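**Student:** Any chance you could fold what I've pasted below:
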Amino acid sequence: MTAVELLALPDLELFARADHSCRATFGPSVFLRGLLEVSNRCVRDCLYCGIRRSNSKVRRYSMGDDEIVAAVARGHEAGLRSFVLQGGEDPDFTPDRLARLASRLRQRLGEDSALVLSFGTMHKSDYQAIKSGGADRYLIRFETSDEDLHTRLRGSPLARRLSAIDDLKALGFEVGTGFMTGLPGSTEESLAADVALAASIGPDMIGIGPFIPHPGTPLGESEGRGLGPALRAVAALRLLLPEANMPATTAAGSVAPDGRERMLAAGANVLMPNIGPVDAKRDYELYPGKICLDEDGLSCIGCLSIRAMTVGKRLDRSRGDSPSFERRAALARSRESGPRAEIAGRHNAEAGRHNAEAGRHNAEAGRHNAEAVTHSPDCAQGA
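**Tutor:** Here you go, the predicted model:
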């Protein structure tokens with residue numbers, strides 16, 4: 001079915017189908033991702049975002065590398081095996097710094113944990129440096145498929161965002177994208193177009209949340225459209241991309257008290273407790289009314305477990321790779337090992353030929369020695 005056809009289904013039928021699809025792939029598991037919002041400084045001036053450059057009322061912060069490593073280490077000690085570092089497009093977080101930070105975190109985490117970064121658009125070579133440092137996932141949402149609306153809201157072309165996604169995929173990242181539902185200027189047709197674009201990208205992770213107007217932005221007087229469109233988008237994409245990881249977003253829980261549970265019941269399979277410092281969480285105000293700002297994210301895991309159980313699911317602290325990504329990674333390893341195995345085979349064959357040649361020389365030398373001994377006088381006397 002197409003995005004249009006899926007979104008035309010009655011909500012109950014759509015959500016039931018999506019829930020069945022999610023359980024068929026992931027069972028009752030809900031993967032946990034430890035979220036760390038490392039900076040609310042941003043050079044961008046997106047019209048919908050509470051930490052936009054022009055919002056002078058924001059108390060700005062930027063975490064140091066030691067503080068970031070310590071927070072991730074605490075999450076790792078608590079059993080988390082997937083970590084998401086995100087921030088505004090802060091000039092202090094250069095690609096070189098992010099690559100060094102990824103390397104430090106990879107050394108601390110080992111290979112059993114996933115490291116996810118989300119710091120906006122960069123050059124392909126910068127993404128490569130970050131990946132070489134130790135990051136294995138990257139999140140970059142396109143927010144809307146409407147090119148004109150994207151340019152108006154974000155001040156940059158949609159094509160640049162999509163090109164960055166292509167670069168990340170080509171480099172072998174596990175890639176996440178997503179969008180906001182109910183943006184001012186969007187239509188019912190926009191939702192189907194957003195779903196269709198996300199499906200065509202074929203991401204490993206998809207994050208969808210409702211637009212929530214922030215009073216410190218030019219869209220502060222706009223009206224949001226609630227949770228419904230986001231739930232339908234999650235469900236439709238679960239059916240179009242059954243193996244993608246999809247979070248029940250914090251924005252969903254901020255719009256409705258049971259928003260995350262409803263999103264889990266509509267096909268989502270990820271929860272992201274915020275494990276950053278409490279003061280930093282309060283200042284990373286993308287939208288007002290954000291939940292879970294006054295407690296340590298690790299202490300929230302028990303509450304999240306109860307929320308998951310209300311919809312018949314259970315928390316899973318493993319790294320939780322997408323099955324489609326696991327297959328691609330296995331294929332890439334096979335392709336890499338193929339040439340190496342061929343080269344090794346040629347080397348082994350060459351060594352075998354040298355050994356055989358040496359064996360023939362040794363055998364010839366042995367025959368000569370035997371003949372020399374047979375004809376020696378000492379040997380004749382002994383006989």
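
**Student:** Kindly format the C-alpha coordinates of stretch 199-207 as PDB.
**Tutor:** Output in PDB follows, covering the C-alpha atoms of stretch 199-207 (Å, rounded to 0.1, in the frame of the first residue of the first chain):
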ATOM      1  CA  ALA A 199      10.000   5.700   3.100                       C
ATOM      2  CA  SER A 200      11.900   6.400  -0.100                       C
ATOM      3  CA  ILE A 201      15.100   7.300   1.800                       C
ATOM      4  CA  GLY A 202      15.000   3.800   3.400                       C
ATOM      5  CA  PRO A 203      16.400   4.900   6.800                       C
ATOM      6  CA  ASP A 204      17.400   2.600   9.700                       C
ATOM      7  CA  MET A 205      15.800   5.000  12.200                       C
ATOM      8  CA  ILE A 206      12.900   7.400  11.900                       C
ATOM      9  CA  GLY A 207      11.900  10.100  14.500                       C
END
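
**Student:** mind listing what the residue nearest to Ala256 when sequence neighbours are not counted touches?
**Tutor:** Spatial nearest neighbour of Ala256, excluding adjacent residues (C-beta to C-beta, 6 or more residues apart in numbering): Leu227 at 5.0 Å. In short, each C-beta sits where N, CA and C put it, glycine included. Remark: with contacts taken as C-beta atoms under 8 Å, 6 or more residues apart in numbering, Leu227 is in contact with 210, 252, 255-256, 259, 262.

**Student:** go on, Leu101?
**Tutor:** Residues near Leu101 by C-beta under 8 Å, 6+ apart: 65, 68-69, 85, 133.

**Student:** Which single one of these is nearest to Val270?
**Tutor:** Leu85 (16.0 Å; C-beta to C-beta).

**Student:** That closest one touches Arg33, doesn't it?
**Tutor:** No - counting by C-beta atoms under 8 Å, Leu85 sits too far from Arg33 to count as a contact (10.6 Å).

**Student:** who touches both of the two?
**Tutor:** Common contacts of Leu85 and Arg33, defined by C-beta under 8 Å, 6+ apart, comprise Val116.

**Student:** how close does Gly267 get to Tyr127?
**Tutor:** 29 Å (C-beta to C-beta, to the nearest Å).

**Student:** neighbour-wise, which of the two wins?
**Tutor:** Shown here are Gly267 and Tyr127; by other C-beta atoms under 10 Å, Gly267 has more neighbours (29 against 24).

**Student:** Surely that one is in a strand?
**Tutor:** No - Gly267 is assigned coil when assessed by DSSP: H, G, I helix; E, B strand; the rest coil, not a strand.

**Student:** State the phi and psi torsions of Gly88.
**Tutor:** phi -60, psi 170 (degrees, to the nearest 10).

**Student:** Now do the contacts for it.
**Tutor:** Contacts of Gly88 by C-beta under 8 Å, 6+ apart are 39-44, 51.

**Student:** quick check: domain ranges of the chain?
**Tutor:** As assigned by automatic domain parsing, the chain contains the domains 3-320, 332-382.

**Student:** Make JSON lines from those domains and add mean pLDDT and distance to Glu326 to it.
**Tutor:** As requested, these are exported to JSON lines (pLDDT from 0 to 100; distance: least, C-beta to C-beta, whole Å):
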{"stretch": "domain 3-320", "mean pLDDT": "97", "distance to Glu326": "9"}
{"stretch": "domain 332-382", "mean pLDDT": "54", "distance to Glu326": "11"}
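
**Student:** Return the most buried member of those domains.
**Tutor:** domain 3-320 (a mean of 19; mean count of other C-beta atoms under 10 Å).

**Student:** which stretches of this protein form strands?
**Tutor:** 29-32, 34-39, 82-87, 114-118, 137-139, 174-181, 205-210, 270-271, 314-316 (DSSP state E).

**Student:** same for the first one, what does it pack against?
**Tutor:** In this structure, strand 29-32 packs against strand 270-271, helix 301-309, strand 314-316, with contacts taken as 3 or more C-beta pairs under 8 Å, 6 or more residues apart in numbering; DSSP states H and E.

**Student:** Next, the contact list for the residue nearest the centre of the chain, please.
**Tutor:** Centroid-nearest residue in the chain: Arg137, 3.8 Å away (criterion: C-alpha atoms, centre = their mean). For Arg137, the contact set (C-beta under 8 Å, 6+ apart) comprises 114-117, 173-176, 204-205.

**Student:** quick one, helices of the stretch 151-300 of the chain?
**Tutor:** 158-170, 188-201, 228-240, 250-255, 259-265, 278-283 (DSSP state H, counting those that start in this stretch).

**Student:** mind checking which of those helices is nearest Asn55?
**Tutor:** Of all the helices of the stretch 151-300 of the chain, helix 278-283 comes closest under C-beta to C-beta, at 11.3 Å.

**Student:** And the contacts of that closest one?
**Tutor:** Residues contacting helix 278-283 (C-beta under 8 Å, 6+ apart): 37-38, 40, 58-61, 63, 274, 292-296.

**Student:** can I get the helices and strands packed on strand 29-32 in JSON lines with distance to Ala198?
**Tutor:** Shown next, in JSON lines, are the helices and strands packed on strand 29-32 (distance: least, C-beta to C-beta, whole Å):
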{"stretch": "strand 270-271", "distance to Ala198": "16"}
{"stretch": "helix 301-309", "distance to Ala198": "24"}
{"stretch": "strand 314-316", "distance to Ala198": "24"}
